[in-house]
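*Asks:* kindly generate the corresponding structure for this input.
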Amino acid sequence: MVKGRVGIVLVNYNGEPFILDCVNSILEQTYKDIEIVIWDNDSQDDSVRIIKQHYPSIRLIENKQNDGFARANNLAVKELLKGEAEYILLLNVDTVSDRFLIEKLLERADENTVTTGQISMDRQNRFIWYGGGELQLDQGKSIHLKMQVKNEKRVTFICGCCMMIHREIIKKYGLFDPAYYLYYEDTDLCMRWYQQGVEMYYIPKAKLWHKVGGSLEGGINPIGEYYRMRNRLFYAQKYKKYAKVNTKEIIVSVWKSLGTELIKGNYKIFKAQLWGIVDYCLKRTGKLKHRIM
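*Replies:* Sure, this is the predicted structure:
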C-alpha cells in the first residue's frame with residue numbers, strides 16, 4: 001500500500017508517565033513512512049528531558065506557554081504541512097497504538113474521508129471507550145458509542161484522540177477552532193465536516209489503548225468540567241440555527257448537572273461548572289478570551 005507520508009502530531013503537556021509507551025508504539029508501526037512532531041505545551045514535569053534523551057531524532061517543539069489542545073494541534077499540523085506529509089494523524093499522548101493502526105486507518109482514508117479506530121481503556125480491548133460516535137445535533141453535544149463493532153461504519157463524530165486526515169481536507173476546511181482551548185474542539189470540527197459532506201469512518205481493526213484523562217490525571221476533575229460546561233454552551237450557540245438545538249433542554253441539563261454536584265458535595269466541580277457558565281456568558285460579550293483554570 002502506497003499512500004504517502006503520514007505526519008503524526010503529539011501534543012504533550014505533563015505527559016511524563018505516557019510518552020515512552022506512546023512514541024515506542026508509533027515507532028513499531030508496520031507502516032514506516034512517518035514523521036513525528038511533538039509539540040510541548042510548556043510541560044512542568046520531566047517529559048521534555050525524556051523526549052530529548054530517548055528520541056533525539058524526533059522533532060520536538062518547545063512552546064513557552066500552554067496554548068491549549070486545539071491551537072497546539074493546529075500549529076504542529078501547520079509545521080508538518082510545510083513538508084511532504086500527505087496525511088496527518090492526530091494522536092493523544094496518553095495512547096498506545098496497535099502496530100497495524102496506521103496501515104488500517106489508511107485503507108479507507110482519502111481526500112474526502114477521515115478515519116479513526118477502536119479506542120479501548122485496556123490493552124486487551126475489553127472495555128471500549130470509543131466504538132464510533134455521533135453528533136447529537138439537538139442536544140448540542142457528541143457521544144461515544146461504547147460497543148464492540150466488527151465492521152467499518154460511517155459515523156458523524158470522531159474524537160480528537162485519533163484522527164487520520166488527508167492534507168486536502170485540512171487545506172479546504174481548516175482544523176480546530178482555538179476558541180475552545182480544550183474539549184469540544186473535535187465536536188466542532190466534525191460538525192463542520194458533516195456540513196461540508198466530508199465522510200467520517202470508524203475502523204474497528206485499527207486499535208489503540210487510551211489511558212483516559214492523561215495529563216488531567218483522569219476521571220472527573222475541575223479543569224475538565226469547566227471547559228466541558230463552557231464549551232458545550234459555546235458550541236450549541238454557534239450551531240443553534242443549523243442544528244435546531246433544543247435550548248430549553250440544554251439549560252435544564254446544565255442546571256441539573258450543577259444541582260447534582262452540589263447535592264453530592266462536590267464543591268470544586270460545582271464551582272468549576274458554574275465558572276464555565278459565567279465565562280461562556282462573558283465570552284459572548286467579548287470580554288473574555290479564555291480562562292485557564
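*Asks:* export the worst-scoring helix or strand of the chain on mean pLDDT as CSV, just CAs?
*Replies:* Least confident element among the helices and strands of the chain, by mean pLDDT, DSSP states H and E: helix 240-243 (a mean of 78). C-alpha atoms of helix 240-243 as CSV (Å, rounded to 0.1, in the frame of the first residue of the first chain):
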residue,chain,number,x,y,z
LYS,A,240,-28.0,26.9,17.0
LYS,A,241,-29.7,27.6,13.7
TYR,A,242,-28.2,24.8,11.7
ALA,A,243,-28.6,22.0,14.3
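*Asks:* now do the contacts for Asp122.
*Replies:* Trp209 (CB atoms under 8 Å, 6 or more residues apart in numbering). From N, CA and C alone the C-beta is placed, and that goes for glycine too.
*Asks:* picking up where we left off before, for the helix or strand following the least confident helix or strand of the chain, which residues meet the burial criterion?
*Replies:* Moving toward the C-terminus from helix 240-243, the next helix or strand (DSSP states H and E) is helix 247-264. Within helix 247-264, the residues that count as buried by 16 or more other CB atoms under 10 Å are 250, 254, 257-258, 261.
*Asks:* run through the helices of the stretch 151-293 of the chain in chain order.
*Replies:* Using DSSP state H, counting those that start in this stretch, the helices of the stretch 151-293 of the chain run over 167-173, 185-196, 222-238, 240-243, 247-264, 267-284.
*Asks:* try the stretch 1-150 of the chain
*Replies:* Using DSSP H, counting those that start in this stretch, helices in the stretch 1-150 of the chain cover 19-27, 47-54, 68-81, 101-108.
*Asks:* turn those helices into JSON lines, including distance to Trp129 and mean neighbour count.
*Replies:* Listed next are the helices of the stretch 1-150 of the chain as JSON lines, based on distance: least, CB to CB, whole Å; neighbours: other CB atoms under 10 Å:
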{"stretch": "helix 19-27", "distance to Trp129": "16", "mean neighbour count": "19"}
{"stretch": "helix 47-54", "distance to Trp129": "23", "mean neighbour count": "16"}
{"stretch": "helix 68-81", "distance to Trp129": "17", "mean neighbour count": "21"}
{"stretch": "helix 101-108", "distance to Trp129": "15", "mean neighbour count": "22"}
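*Asks:* about what we covered before: which residues does the least confident helix or strand of the chain contact?
*Replies:* Counting by CB under 8 Å, 6+ apart, 135, 137-138, 140, 191, 195, 236, 247 sit against helix 240-243.
*Asks:* what's the ChimeraX line that selects buried ones from these?
*Replies:* Entered in ChimeraX, the line below selects the buried ones among the contacts of helix 240-243, by 16+ other CB under 10 Å:
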select :135,137,140,191,236
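*Asks:* farthest pair in the contacts of helix 240-243?
*Replies:* Gln195 and Thr247 (19.8 Å; CB to CB).
*Asks:* show me how the record splits this protein into domains.
*Replies:* As given by automatic domain parsing, the domain ranges for the chain are 5-216, 222-284.
*Asks:* please identify the most buried of these.
*Replies:* domain 5-216 (a mean of 19; mean count of other CB atoms under 10 Å).
*Asks:* quick one: the nearest residue to Tyr31 once chain neighbours are set aside from Asp46, how far?
*Replies:* With sequence-adjacent residues excluded and distances taken as CB to CB, 6 or more residues apart in numbering, Tyr31 is closest to Ile102, at 4.1 Å. Ile102 sits at a distance of 28 Å from Asp46 (criterion: CB to CB, to the nearest Å).
*Asks:* just to revisit the earlier point, if we take the contacts of helix 240-243, which one ends up nearest to Ile58?
*Replies:* Nearest to Ile58 among the contacts of helix 240-243: Met191, at 32.8 Å, using CB to CB.
*Asks:* hmm, that closest one is touching Leu135, no?
*Replies:* Yes - Met191 is within contact range of Leu135, at 6.1 Å (criterion: CB atoms under 8 Å).
*Asks:* could you report the pLDDT at His290?
*Replies:* Per-residue confidence at His290 stands at 53 (pLDDT).
*Asks:* next one: Lys287
*Replies:* Reported pLDDT for Lys287: 63.
*Asks:* pretty sure Ser47 contacts Gly15?
*Replies:* Yes - at 4.9 Å, Ser47 counts as touching Gly15 under the criterion of CB under 8 Å.
*Asks:* max-length strand in this structure?
*Replies:* Counting residues, the longest strand found in the chain (DSSP state E) is strand 199-210.
*Asks:* list the neighbouring strands of that one plus their orientation.
*Replies:* Sheet pairing of strand 199-210 (DSSP bridges) gives strand 95-97 (antiparallel), strand 113-120 (parallel), strand 153-155 (antiparallel).
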